[in-house]
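Colleague: give me a model of this one.
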Amino acid sequence: MSERAGPNGLRGRVGLIVVGAVIISALVALLVEPQHVGGMMGPGMMRPPQDMGVETDIRMFLSTYNVILLLALTWSYLVVYRDLPNRFTGSLLLFAVALLLYAMASNPAIHVLFGFRGGPELGPFAFLPDLFAAFAVTVLLYQSFQ
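Modeller: Next comes the predicted model:
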């Protein structure tokens, strides 16, 4: 039986990555405080900044979680591509890199890092895509280690 197929191999490695991603994402969501500056909306149309805090924190958590898992997934596909360079593994690698770039571009922590403050919020619709992507990346990561 290979190391990857054992109960401590696959589940332990993926579990460690997921737990580490949850911890780091929670720290980023708690410690990075984006400042909300009014967007292009008229008077009375924008919610006060304190109303957007929870939604932004959830989005920051989910997008940071996605970035960390996608880094692990990209590394995994890079190893597979190095061992088996063909069109399929190259496509998997490009898929993971494209998702990684999406996750990085949608992360409010990256926006703060590059000095962007503000823009209209979309309420829960701002973080729902990241929630679905987080689920998909978690499943894809688990499958890639089997």
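Colleague: if you count neighbours, what's buried in stretch 102-115?
Modeller: Residues of stretch 102-115 classed as buried by neighbour count (16 or more other C-beta atoms under 10 Å): 102-104, 106-111. From N, CA and C alone the C-beta is placed, and that goes for glycine too.
Colleague: just those residues: which has the poorest pLDDT?
Modeller: Ranked by pLDDT, the buried residues of stretch 102-115 bottom out at His111, which scores 74.
Colleague: quick one: contacts for Ala26?
Modeller: With contact taken as C-beta atoms under 8 Å, 6 or more residues apart in numbering, Ala26 is in contact with Phe61.
Colleague: which positions in the helix or strand encompassing it come out as buried?
Modeller: Using DSSP states H and E, Ala26 maps to helix 10-31. Within helix 10-31, the residues that count as buried by 16+ other C-beta under 10 Å are 10, 13-14, 17-18, 21, 25, 28-29.
Colleague: what's the longest helix in this protein?
Modeller: Counting residues, the longest helix found in the chain (DSSP state H) is helix 49-83.
Colleague: what packs against that one?
Modeller: The contact analysis (3 or more C-beta pairs under 8 Å, 6 or more residues apart in numbering; DSSP states H and E) places helix 49-83 against helix 10-31, helix 87-106, helix 108-113, helix 128-144.
Colleague: can you pull the contacts of Thr138?
Modeller: Per C-beta under 8 Å, 6+ apart, neighbours of Thr138: 18, 69.
Colleague: let's see 10 Å
Modeller: For Thr138, the contacting residues are 14, 17-18, 21, 65-66, 69, 73, by C-beta atoms under 10 Å, 6 or more residues apart in numbering.
Colleague: now, among these, which is nearest to Thr89?
Modeller: Ranked by distance to Thr89 (C-beta to C-beta), the contacts of Thr138 are led by Leu73 at 12.8 Å.
Colleague: count the neighbours of the closest one for me.
Modeller: 26 (other C-beta atoms under 10 Å).
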